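A.B. asks: need a 3D model of the sequence below.
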Amino acid sequence: MGNSQINSAPNSAQTRNQARSVSLSIHQNQKAKTTLRMSTLQALQHHQQQLRACQRCPQMIGPVVTGQPALSAVMLIGQAPGDREGPAGHPFAWTAGKTLFKWFQQIGMDEAQFRSQVYMAAVCRCFPGKKPKGGDRVPNKQEITHCADWMRSEFELLQPRLLIPVGKLAIEQFCHFNRLTEVIGQCHSIDLNDSPADLIPLPHPSGASTWHRTEPGKQLLNDALELIHRHSAWQQLIDNHSIPTRPR
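C.D. replies: Model prediction:
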């Protein structure tokens, strides 16, 4: 019996040492993750400072419009800001934005939460100006190419798992299609800088468009929102911030 007690003592000490070692390893891993996160945030903030100073496209009308520097696995990609977004200082600041954020409210995230937790980018970051006969000018290929450089840097920094392109111009940067009905309501697997990601397109929420308010667009929009809601990257945002899930 005495030998049993003597032999058990080193085992208990060894167990305590192992527990301390595991605890220290967890602490070191958490510290490393925090350091990496802060480093990435600083890099993203610096990226946005450089982006806001961009003047590569002479026909574009500033200022450069950016979202918040959100470190997120979810990335929304719009087309280009309108004339209201520059003065407001953030994307989707007017009527189309109200519709867009109503959609995201349906799947558990209000506008303030979305802006702080999802990185908001765009095919072009400046207002393209108006067409002679009215309506916003569509950015030309060179302008799109210039802004694509900024987006590639954001992909490298954030390594997003879910992309949400909004509108035809944004969607066609990632996949070829003839009609919106071919791509909306589906989850598409794509490759971003050798990293896999999912693409779930949405129609543009413009009040001038009836696509998302009539069938089959209305149902395809609901299908797309449901896919976003179920995606693990979206669910992680909900879980991390205790956001209510989509009502049934």
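
A.B. asks: so the residue nearest the centre of the chain is in which element?
C.D. replies: For the chain, the residue nearest the mean C-alpha position is residue 75 (1.3 Å; CA atoms, centre = their mean). Assigning secondary structure by DSSP states H and E places residue 75 in strand 74-78.

A.B. asks: how about the following helix or strand past that strand: buried residues?
C.D. replies: Where DSSP H and E defines the elements, the next helix or strand beyond strand 74-78 is helix 85-88. Going by neighbour count (16 or more other CB atoms under 10 Å), the buried part of helix 85-88 is 85-86. In short, each C-beta sits where N, CA and C put it, glycine included.

A.B. asks: now stretch 203-221
C.D. replies: Using 16+ other CB under 10 Å as the test for burial, stretch 203-221 gives 203-206, 209, 211-212, 217, 220-221.

A.B. asks: stretch 61-76 now?
C.D. replies: For stretch 61-76, the neighbour count (16+ other CB under 10 Å) marks 64-67, 69-70, 72-76 as buried.

A.B. asks: now that stretch, how far from the centre of its chain.
C.D. replies: 9 Å (CA atoms, centre = their mean, to the nearest Å).

A.B. asks: isn't residue 224 right up against residue 201?
C.D. replies: Yes - the criterion here is CB atoms under 8 Å, and residue 224 meets it with residue 201 at 6.8 Å.

A.B. asks: show the pLDDT at residue 190.
C.D. replies: pLDDT recorded at residue 190 is 96.

A.B. asks: which residue is the nearest non-sequential neighbour of it?
C.D. replies: In space, residue 190 comes closest to residue 199 once its chain neighbours are excluded; the distance is 5.0 Å by CB to CB, 6 or more residues apart in numbering.

A.B. asks: list the contacts of that neighbour.
C.D. replies: Neighbouring residues of residue 199 by CB atoms under 8 Å, 6 or more residues apart in numbering: 163, 165, 174-175, 187-190.

A.B. asks: out of those, who's nearest residue 230?
C.D. replies: residue 187 (9.2 Å; CB to CB).

A.B. asks: great, nothing more from me.
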